[in-house]
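> could you look at this predicted model? Sequence included:
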Amino acid sequence: MNYQEQDTYGMYKNRSSDGPGPGLMGANTLDGNDVFNRQDEDLGDIKEIMLDMGTSRVAYAVLSYGGFLGMGNKLFAVSWNALTLDTANKRFVLDVDKDRLENAPGFDKDQWPDMADATWSKEIHDYYGVTPYSDGRV
């Protein structure tokens, strides 16, 4: 699924440089978006967007990977800074090999980690090789 298919308000129709689009997008249109790597392998889809309420920034995208018909999926928190939008294919790209994602720190849908924990956050950002925020805050 992609952001245009999720657009119930029509915000991406008749897009001009002044309207919503890849520069400014509705969070609800990103849920369910496909995530691929640079090798064009399907890495799953976005299940949730996590906002850092203290800094007013997008902190993580929670990806779902694996399983069948929603069963056995593993969830991963990926730093928002690790994702790039592929506007040609209307999907996100995460520059990570599929094997590396399979071994990434993940969690079960019923056992979410404390994403505000600085130690956990550092581990996630280090794993994907990204800086949390340009000002160095976690």
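Good, I have the coordinates.
> need the residue closest to the centroid of this protein.
With distances taken as Cα atoms, centre = their mean, Ala61 lies nearest the centre of the chain, 3.0 Å away.
> which other residues reach the helix or strand hosting it?
Per DSSP states H and E: Ala61 is located in strand 57-65. For strand 57-65, the external contacting residues (Cβ atoms under 8 Å, 6 or more residues apart in numbering) are 30, 35, 43-52, 73-80, 83, 92, 94, 101-102, 106, 115, 124, 132-133. The C-beta positions use only the backbone N, C-alpha and C, and glycine is treated the same way.
> quickly run through the sheet partners of that strand, with directions.
strand 42-52 (antiparallel), strand 74-79 (antiparallel) (DSSP bridges).
> out of the ones you listed, deepest packed?
strand 74-79 (a mean of 23; mean count of other Cβ atoms under 10 Å).
> in what helix or strand does Asp126 lie?
Here Asp126 is assigned to helix 118-128, by DSSP H and E.
> any idea which of the strands paired with strand 57-65 gets closest to Tyr12?
Closest approach to Tyr12 among these (Cβ to Cβ): strand 42-52, 16.5 Å.
> that closest one relative to helix 118-128, how many degrees between them?
150 degrees (axes from the mean of the first three to the mean of the last three Cα atoms, to 10 degrees).
> show me the shaky parts of the chain.
Applying pLDDT under 70 to the chain flags the ranges 14-23, 67-72, 133-138.
> quick one: the helices in it, in order.
Secondary structure of the chain (DSSP state H): helices at 98-102, 118-128.
> mind listing what's buried in the last one?
Taking 16 or more other Cβ atoms under 10 Å as the basis for neighbour counts, the residues of helix 118-128 that come out buried are Ser121, Ile124, His125, Tyr127, Tyr128.
> cool, and the first one?
Of the residues in helix 98-102, Leu101 count as buried by neighbour count, 16+ other Cβ under 10 Å.
> what does that helix contact?
Contacting residues not belonging to helix 98-102 are listed as Asn37, Gln39, Glu41, Leu43, Tyr65, Gly66, Phe76, Leu94 [Cβ under 8 Å, 6+ apart].
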